[in-house]
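J.: got a sequence here, can you build the structure:
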Amino acid sequence: MIIYGTYVKRMHLRQTCLAHLIRKVKGLSEKKDQVSHHFGQRIVKELQLLCHWAKDPPDEKQ
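T.: This next block holds a predicted model:
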C-alpha cells in the first residue's frame, strides 16, 4: 500500500485522511454478500463516530 506524503503523520507514519477509508467501507456496506455488508455497516458507524469525536471530543462516559 502506498501512503502519500500529504496523508502521512510523520510521528507514527499512519494515514490521517479518513475519506479514503470511509469510501471503501461504504462500498463494503453496499455489497450483496451479507458478511461484507454487515461488516461495512459496522465500520462506517465507527468511522462516523471518530469523525464526530474529532470535532467534539468524547467525555468521560463515552
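J.: other residues contacting stretch 44-62?
T.: Stretch 44-62 is contacted from outside by 18, 21-22, 25-26, 29, using C-beta atoms under 8 Å, 6 or more residues apart in numbering. For every residue, glycine as well, the C-beta is placed using N, CA and C.
J.: turn those residues into TSV, columns for distance to residue 60 and secondary structure.
T.: Shown next, in TSV, are the contacts of stretch 44-62 (distance: C-beta to C-beta, whole Å; DSSP: H, G, I helix; E, B strand; the rest coil):
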residue	distance to residue 60	secondary structure
18	24	coil
21	27	helix
22	27	helix
25	28	helix
26	31	helix
29	31	helix
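J.: list only buried entries from the residues you listed.
T.: When neighbours are counted using 16 or more other C-beta atoms under 10 Å, the contacts of stretch 44-62 contain these buried positions: 22, 25, 29.
J.: can you pull up the most central residue in this protein?
T.: Nearest residue to the geometric centre of the chain (C-alpha atoms, centre = their mean): residue 47, 4.0 Å.
J.: pLDDT weak spots in the protein?
T.: Applying pLDDT under 70 to the chain flags the ranges 1-17.
J.: and the strands in it?
T.: Counting by DSSP state E, the chain has strands at residues 8-9, 14-15.
J.: run the chain-centre distance for stretch 23-37.
T.: Between the centre of stretch 23-37 and the centre of its chain there are 14 Å (C-alpha atoms, centre = their mean, to the nearest Å).
J.: for stretch 31-51, same thing?
T.: So, by C-alpha atoms, centre = their mean, the centroid of stretch 31-51 is 9 Å from its chain's centroid.
J.: may I have that stretch as PDB, with CA atoms only?
T.: The C-alpha trace of stretch 31-51 is given here as PDB (Å, rounded to 0.1, in the frame of the first residue of the first chain):
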ATOM      1  CA  LYS A  31     -22.200  -5.400  -1.200                       C
ATOM      2  CA  LYS A  32     -24.800  -8.200  -1.600                       C
ATOM      3  CA  ASP A  33     -22.700 -10.600   0.400                       C
ATOM      4  CA  GLN A  34     -24.200 -10.400   3.900                       C
ATOM      5  CA  VAL A  35     -20.900 -10.700   5.700                       C
ATOM      6  CA  SER A  36     -19.300  -7.800   3.800                       C
ATOM      7  CA  HIS A  37     -22.500  -5.800   4.000                       C
ATOM      8  CA  HIS A  38     -22.800  -6.100   7.800                       C
ATOM      9  CA  PHE A  39     -19.000  -5.500   8.400                       C
ATOM     10  CA  GLY A  40     -19.100  -2.400   6.200                       C
ATOM     11  CA  GLN A  41     -22.100  -1.000   8.100                       C
ATOM     12  CA  ARG A  42     -20.400  -1.500  11.400                       C
ATOM     13  CA  ILE A  43     -17.200   0.100  10.300                       C
ATOM     14  CA  VAL A  44     -19.000   3.100   8.700                       C
ATOM     15  CA  LYS A  45     -20.700   3.700  12.100                       C
ATOM     16  CA  GLU A  46     -17.300   3.600  13.900                       C
ATOM     17  CA  LEU A  47     -15.600   5.900  11.400                       C
ATOM     18  CA  GLN A  48     -18.500   8.400  11.700                       C
ATOM     19  CA  LEU A  49     -18.100   8.300  15.400                       C
ATOM     20  CA  LEU A  50     -14.400   9.000  15.100                       C
ATOM     21  CA  CYS A  51     -15.100  12.000  12.800                       C
END
